[in-house]
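Chemist: Output the structure for:
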Amino acid sequence: MGSELAPLARPLGERKGVLLVGGEDALVMQELVMMRDEILERANAFMDERVFTDLRVSLGMGKRPLDCLTPPPARERAPRLIPRLDGSALRGADPDSPAARCYAAFLALAQSGGR
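Modeler: Numbers count the residues shown, from 1 in each chain. Predicted structure coming up:
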C-alpha cells in the first residue's frame, strides 16, 4: 500500500472479490473510501492480477488485521452458566412475567427429557 497508506488501511480479509479493510476511526474510514480506486489498483498490482473488484471499509474495533505477525492473546473462556433444574429461580418471581414463563417452559422441557 505504500508508507502513507499502510498504517491507515489494515487488511481484514477478502469475501467474494471484495477487499475488506479496517480503519481506526470515522475520519480514516472516510479517507479510505475516497481512496478506493487507488487502494484497489495497488492491491491488484501487488497480486499481479485483478483479484479484488470492490472495497469495503469498516471500523477496526480491535479486529486482528491480516498483516499482524503476533498471534492474538489467549482469552480465558467465560464460565458456562448452567440453569438450575430444581425451579429455585422461579421462587419469588412474578409467574406471569415473560422470563418466568420462559424458565417454566424450559423446566418442563428439561424434565420431560427434551420431548
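Chemist: Okay, buried residues for the longest helix along the chain please.
Modeler: If you go by DSSP state H, the chain has its longest helix at helix 98-111. Residues of helix 98-111 classed as buried by neighbour count (16 or more other C-beta atoms under 10 Å): 103, 107. Where you see a C-beta, it was placed from the backbone N, CA and C, and this is true even at glycine.
Chemist: One more: stretch 18-36?
Modeler: 19-23, 28-29, 32, 35.
Chemist: List just the nearest of the residues you listed to residue 53.
Modeler: residue 19 (8.7 Å; C-beta to C-beta).
Chemist: Just the buried residues of stretch 18-36: which are in helices?
Modeler: Applying DSSP H to the buried residues of stretch 18-36, the entries found in helices are 28-29, 32.
Chemist: Export the residues you listed as CSV, with columns for pLDDT.
Modeler: CSV is the format used below for these (pLDDT from 0 to 100):
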residue, pLDDT
28, 85
29, 87
32, 89
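Chemist: Spatially central residue in the chain, please.
Modeler: With distances taken as C-alpha atoms, centre = their mean, residue 63 lies nearest the centre of the chain, 7.5 Å away.
Chemist: okay but that residue is in contact with residue 21, surely?
Modeler: No: in this structure, residue 63 is not within contact of residue 21 by C-beta atoms under 8 Å, at 10.7 Å.
Chemist: which residues do the two both contact?
Modeler: residue 12 (C-beta atoms under 8 Å, 6 or more residues apart in numbering).
Chemist: Report the distance from stretch 14-27 to the chain centre.
Modeler: 13 Å (C-alpha atoms, centre = their mean, to the nearest Å).
Chemist: begin at 28 from here
Modeler: Yep, numbering from 28; the last one is stretch 41-54 now.
Chemist: re the thing from before, would you list the ones in helices among the buried residues of stretch 45-63 in TSV and tack on distance to residue 83?
Modeler: What follows is these, written out as TSV (distance: C-beta to C-beta, whole Å):
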residue	distance to residue 83
55	14
56	11
59	10
